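**Student:** Coordinates only, no sequence provided:
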């Protein structure tokens, strides 16, 4: 019996479970180890904040998906990989042996550069933790306790969350909202790396929505009632939400895996670890050798079918496929006015059609893996 073990319920592993559900592999047993029973789809998080989707919408039932794939489901945290013994050490559970191992464990937040963030801010990643804390924030909007909201981070996540909070605040009763103000503290520049036209459209959309944009200085400290910038400016904030850069999960380095200078697992185009043919990985926890790409869910989605096929081929002793990451991809950024900015190949438009397209893509992804059967 070939033991194929998956750690983490990230986007790529959804495709692995789907593939094995459609075509089981004789002589192989699949096991999914995950600390979260539900996998949140990151693309729908702003819509959950804004009220476009139910607060628990966009979450895929991993236990049910594993059952369809005939996989054993271990609801616990994997702490270490013992490659000598070929087993995964699991908190509160017996070690799980493997012949082939796959990691799709995402990232952890890196807030080391912002003093007080861990104590006083809502940190977006991991989404499951953010979801629990979000309830208190939304309640504050409804009863008027929260007047000033500051979103820290000028990337796509920060932009969308600022709009989502604006829309949510606009929806609370007039007597309760009492003039909720939303500010986006975008660091040195809003949407750095996005074409100039895309940044112009983003700034215009923030202005249309009445969201204050602060650029030119990074946040260095978060107090209980303020966000402090590196140039000394202080932004009043009863609540601060931090969208921060990604850090690698500690388990990678703790397990002695081959990682890059930031701690992310180095994988070859076959999605195998640089130094271990039995170890595969995909998603934000990896650095794809020779194909540097940003941390974005689109790559995990594209890697998923290749990962599924290569796990099957490895179990059967066949040659593996090579994954080639696309250099251009469609980015859709929803705003609070029923529009979205579409970015691809240096082009940018803002339209209601783009918003409709984003909604259709996001709903379609979740429905694909969580069809209730």
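**Tutor:** Perfect, I can see it now. Keep in mind the model is a prediction, meaning the values are calculated, not measured. Numbers count the residues shown, from 1 in each chain.

**Student:** How about the contacts made by the residue nearest to residue 344 when sequence neighbours are not counted?
**Tutor:** Leaving out its chain neighbours, the residue that sits closest to residue 344 by Cβ to Cβ, 6 or more residues apart in numbering is residue 330, at 4.7 Å. (Glycine included, C-beta is placed from N, CA and C.) Residues counted as contacts of residue 330 (Cβ atoms under 8 Å, 6 or more residues apart in numbering) are 298, 342, 343, 344.

**Student:** And for the last one, the neighbour number?
**Tutor:** Burial of residue 344, expressed as a neighbour count using other Cβ atoms under 10 Å, amounts to 14.

**Student:** now swap in the third one and tell me
**Tutor:** Residues within reach of residue 343, counting by other Cβ under 10 Å, total 25.

**Student:** Backbone torsions only: list them for the residue lying closest to residue 313 once chain neighbours are set aside.
**Tutor:** Nearest non-adjacent residue to residue 313, counting by Cβ to Cβ, 6+ apart: residue 320, 5.4 Å away. When read as degrees, to the nearest 10, the backbone of residue 320 gives phi -100, psi 150.

**Student:** ok, now residue 138?
**Tutor:** Per-residue torsions, residue 138: phi -70, psi -40 (degrees, to the nearest 10).

**Student:** Settle this for me: it is touching residue 167, isn't it.
**Tutor:** No. Under the criterion of Cβ atoms under 8 Å, residue 138 makes no contact with residue 167, lying 11.9 Å away.

**Student:** okay, the two: which has more neighbours?
**Tutor:** Each of residue 138 and residue 167 has its neighbours counted (other Cβ under 10 Å); residue 167 has more, 22 against 16.

**Student:** Need the pLDDT of the more buried one.
**Tutor:** Residue 167 is assigned 91 on the pLDDT scale.

**Student:** How much space separates it from residue 205?
**Tutor:** The gap separating residue 167 from residue 205 is 12 Å, by Cβ to Cβ, to the nearest Å.

**Student:** do residue 224 as well
**Tutor:** Distance of residue 224 to residue 205, computed by Cβ to Cβ: 30 Å.

**Student:** try residue 256
**Tutor:** Noted for residue 256: a distance of 46 Å to residue 205, by Cβ to Cβ.

**Student:** For those two, indicate the residue with more neighbours.
**Tutor:** A count of neighbours by other Cβ under 10 Å puts residue 205 above the other of residue 256 and residue 205, at 22 against 13.

**Student:** dump the residue contacts of the residue nearest to that one when sequence neighbours are not counted.
**Tutor:** With Cβ to Cβ, 6+ apart as the criterion, residue 205 has its nearest non-adjacent residue at 4.5 Å, and that residue is residue 335. Counting by Cβ under 8 Å, 6+ apart, residue 335 makes contact with 160, 163, 205, 208, 209, 341, 350, 355.

**Student:** quick one: which of those sit in helices?
**Tutor:** 160, 163, 205, 208, 209, 355 (DSSP state H).

**Student:** Please convert the buried members of the residues you listed into PyMOL selection syntax.
**Tutor:** Applying 16 or more other Cβ atoms under 10 Å to the ones in helices among the contacts of residue 335, the buried members can be selected in PyMOL as follows:
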select buried, resi 160+163+205+209+355
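
**Student:** List just the nearest of the ones in helices among the contacts of residue 335 to residue 72.
**Tutor:** Residue 72 has its nearest neighbour among these in residue 160, at 36.4 Å by Cβ to Cβ.

**Student:** Compute the distance between that closest one and residue 303, please.
**Tutor:** 23 Å.

**Student:** pLDDT of stretch 241-254, averaged?
**Tutor:** For stretch 241-254, mean pLDDT rounds to 87.

**Student:** With stretch 313-329 instead?
**Tutor:** In this model, stretch 313-329 has a mean pLDDT of 89.

**Student:** so how far is it off the chain centroid?
**Tutor:** Its chain's C-alpha centre and that of stretch 313-329 lie 23 Å apart, by Cα atoms, centre = their mean, to the nearest Å.
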